[in-house]
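Participant: how would this look folded up:
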Amino acid sequence: MRSKDQFEGVQRSLQRAWIKGAGFTDEELSRPLIMIANTYQDFSPENAHLRTLADAVKAGVRMNGGTPIEMNTIHVTDSEAFAARSMRYVLPSRDIVADSVELMAEGHGVDALVLLTGGDKPTPGMIMAAARLNIPAIMLYCGPTRFGEHQGKKLFLETVYDGVGEAIRGAITEETLKAWEDKLFPGNGAGDTMTSGNTAGIYTEALGMSLPGSGTLEGGSNAQIRAAKHTGMRIVDLFRENVRPSDILTEAAFENALRAALAVSGSTNLVLHFIAMASEAGIKLDFDFIDRIGRTTPTLAKIAPSGPWGVSELGHAGGVPAVLKELGDLIHRDAITVSGRTVGEIVDAAANENPELLHSSSNAHSPEGAIFVLKGSSRARKHADPHMRLLMDKEGPFKKCAYHGHETPARDRTALPHKTPEAGIFD
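Facilitator: Numbering: from 1, shown residues only. Presented below is the predicted three-dimensional model:
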């Protein structure tokens, strides 16, 4: 055990004395030391319940003969930072999360990691740390929140976004907008929209780093608390079996994860996170890889904002295992997971409980996934998707691409949401 180097032997007496000062015993120090890396904070719904989940994880670790210790890292919360100068601090926080988990795990010589997280920056950041450290690791995502309701209307994140404009132009009253604001979150979790965070909960499960079905459990639910206990128990087994992230984070696993996310209308933010996670795992994953997977992955579910369904409803329909099952032969069945089962074994045990929400591949919404990649600098064709506008200089090369009015600096390769077959508008 790595922790023996930290705490065993006469020469480590002071180190034992120090941790005993926090109440630890010799018996606890003789067992595998499991670090829980937690993004708990009390002012964002993704994280507010993670202290409860951490206690459940600890109980699971102890039940299986391990000793849990807990650290906290950060989450600069996107939805509280939007449209303000604070937004510039969100993306860099991903790498700070990765660095902080790496520093604590190495600095304290722990034997294994439980990654307890919410949000689309901390979640891939923790996968990056696990790949760097390559010690046994397992993740539990914060979970979605069941959609809010007001006068029979489902409330999603985009309901409130759109409501701001509707209130400004007089289509709804400010009182109605206030009611939507107050009722959007019936409880803790990351909302019920397929946000970047909820997309991360899905792709990390499909990567094999979370227990089957855990990525779509409603935040703070009894089912999620039980999953936290099972997560704590399972990490001790992973330590004993010496199953490491390098065994799980293979190219096949990344392809499975990407297909699962694209099949359920996943967020475009996954592009930069997949490239970063794969790089830490020593996997070559680039825009061409993402484009190939995007063009050959059918869209099976229209989750809000792409459709009327919530992420929690996807969970009730069978969650990630059911998505992988409906993807059929596109999935690498031999990829291993933290559960001890292969993807194929998980898929064989899965069932699609709501075919209206989650379509089969033969009845897909679209033969392509949520994202594909555009290349080049040629002029736009006259039949371009009206949802996308190209801003061009007099010589012709496109300088910016504006999607729904949001301009982004031009790059050689730009990832944009897929809307229609005609959206691939560059030569």
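Participant: mind listing what's buried in whichever helix or strand Gly294 is part of?
Facilitator: In this assignment (DSSP states H and E), Gly294 forms part of helix 287-295. With burial defined by 16 or more other Cβ atoms under 10 Å, the residues of helix 287-295 counted as buried are Phe287, Phe289, Ile290, Asp291, Ile293, Gly294, Arg295. To be clear about C-beta, it is placed using only N, CA and C from the backbone, and glycine gets the same treatment.
Participant: nearest spatial neighbour of Ala351, skipping sequence neighbours?
Facilitator: Setting aside the residues directly before and after it, Ala351 is nearest to Gly318 in space (Cβ to Cβ, 6 or more residues apart in numbering), at 5.7 Å.
Participant: could I get the phi/psi values of the one you found?
Facilitator: Backbone torsions of Gly318, given as degrees, to the nearest 10, read phi 130, psi -10.
Participant: picking up where we left off before, max pairwise distance over the buried residues of helix 287-295: which two?
Facilitator: When these are compared pair by pair using Cβ to Cβ, the two farthest from each other are Phe287 and Arg295, 12.2 Å apart.
Participant: can you give me the strands in the protein?
Facilitator: 33-38, 67-72, 112-117, 137-141, 148-150, 153-155, 371-375, 388-392, 398-403, 406-409, 413-417 (DSSP state E).
Participant: ok, the residue nearest to Ala351 - contacts?
Facilitator: Gly318 sits next to Lys325, Ala350, Ala351, Asn352, Glu353, Asn354, Leu358 when contact means Cβ atoms under 8 Å, 6 or more residues apart in numbering.
Participant: which PyMOL command selects the buried ones in the residues you listed?
Facilitator: Taking 16+ other Cβ under 10 Å as the burial criterion, the selection of buried members of the contacts of Gly318 in PyMOL is written as:
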select buried, resi 325+350+352+358
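Participant: restricted to helices, list the contacts of Gly318.
Facilitator: Filtering the contacts of Gly318 for membership in helices, criterion DSSP state H, returns Lys325.
Participant: ok, so of the contacts of Gly318, who is nearest Leu155?
Facilitator: Closest approach to Leu155 among the contacts of Gly318 (Cβ to Cβ): Asn354, at 20.4 Å.
Participant: so the closest one makes contact with Gly315?
Facilitator: No: with contact defined as Cβ atoms under 8 Å, Asn354 does not reach Gly315; the gap is 10.4 Å.
Participant: if we can go back for a sec, the helix holding Gly294 - contacts with which helices or strands?
Facilitator: In terms of contacts (3 or more Cβ pairs under 8 Å, 6 or more residues apart in numbering; DSSP states H and E), helix 287-295 is packed against helix 251-263, helix 270-280, strand 371-375, strand 413-417.
Participant: quick one, which of the ones you listed is packed in tightest?
Facilitator: For the helices and strands packed on helix 287-295, the largest average neighbour count (mean count of other Cβ atoms under 10 Å) is found in helix 251-263, namely a mean of 25.
Participant: by how many degrees do that helix and helix 287-295 diverge?
Facilitator: Here helix 251-263 points in a direction 50 degrees away from that of helix 287-295 (axes from the mean of the first three to the mean of the last three Cα atoms, to 10 degrees).
Participant: can you list contacts of helix 251-263?
Facilitator: Contacts of helix 251-263 with the rest of the structure, by Cβ under 8 Å, 6+ apart, involve 199, 202-208, 267, 270, 274, 277-278, 281, 283-285, 290, 293-294, 297-301, 320, 323-324, 326-327, 330-332, 334-335, 343, 369-371.
Participant: quick one: mean pLDDT over it.
Facilitator: Here the mean pLDDT over helix 251-263 is 97, rounded to a whole number.
Participant: check stretch 311-321 too.
Facilitator: For stretch 311-321, the mean pLDDT works out to 98.
Participant: now that stretch: how far from the chain's centre is it?
Facilitator: Mean C-alpha position of stretch 311-321 versus that of the full chain (Cα atoms, centre = their mean, to the nearest Å) differs by 14 Å.
Participant: pull out the buried residues from that stretch.
Facilitator: By neighbour count with 16+ other Cβ under 10 Å, stretch 311-321 contains the buried residues Val311, Ser312, Glu313, Leu314, Gly315, Ala317, Gly318, Gly319, Val320, Pro321.
Participant: just how off-centre is stretch 353-372 within its chain?
Facilitator: The answer for stretch 353-372 is 20 Å, by Cα atoms, centre = their mean.
Participant: that one spans what distance, first to last residue?
Facilitator: 29 Å (Cα to Cα, to the nearest Å).
Participant: which neighbouring elements make contact with the helix ranked longest in the chain?
Facilitator: Of all the segments of type helix in the chain, defined by DSSP H, the longest one is helix 222-241. With contacts taken as 3+ Cβ pairs under 8 Å, 6+ apart, helix 222-241 sits against strand 33-38, helix 50-63, strand 112-117, strand 137-141.
Participant: related to what we said a few turns ago, would you single out the least confident of the strands of the chain?
Facilitator: The stretch with the lowest mean pLDDT among the strands of the chain is strand 398-403, at a mean of 31.
Participant: helices along the stretch 101-250 of the chain, start to end?
Facilitator: In chain order, the stretch 101-250 of the chain shows helices spanning 122-133, 157-168, 174-183, 196-207, 222-241, 245-248, with DSSP state H, counting those that start in this stretch as the criterion.
Participant: so Trp65 sits against Val236, correct?
Facilitator: For the record, residue 65 is Gly, not Trp. Yes: counting by Cβ under 8 Å, Gly65 sits close enough to Val236 to count as a contact (5.9 Å).
Participant: overlap of the contact sets of the two?
Facilitator: With contacts taken as Cβ under 8 Å, 6+ apart, Gly65 and Val236 have Pro32 as neighbours in common.
Participant: what about these two, which has more around it?
Facilitator: For Gly65 versus Val236, the count of surrounding residues by other Cβ atoms under 10 Å is larger for Val236: 24 against 13.
Participant: what sits against the residue positioned nearest the centre of the chain?
Facilitator: The centroid of the chain falls nearest to Ala200 when counting by Cα atoms, centre = their mean (1.4 Å). The contact partners of Ala200, taken as Cβ under 8 Å, 6+ apart, are Gly119, Asp120, Thr123, Pro124, Tyr141, Leu270, His273.
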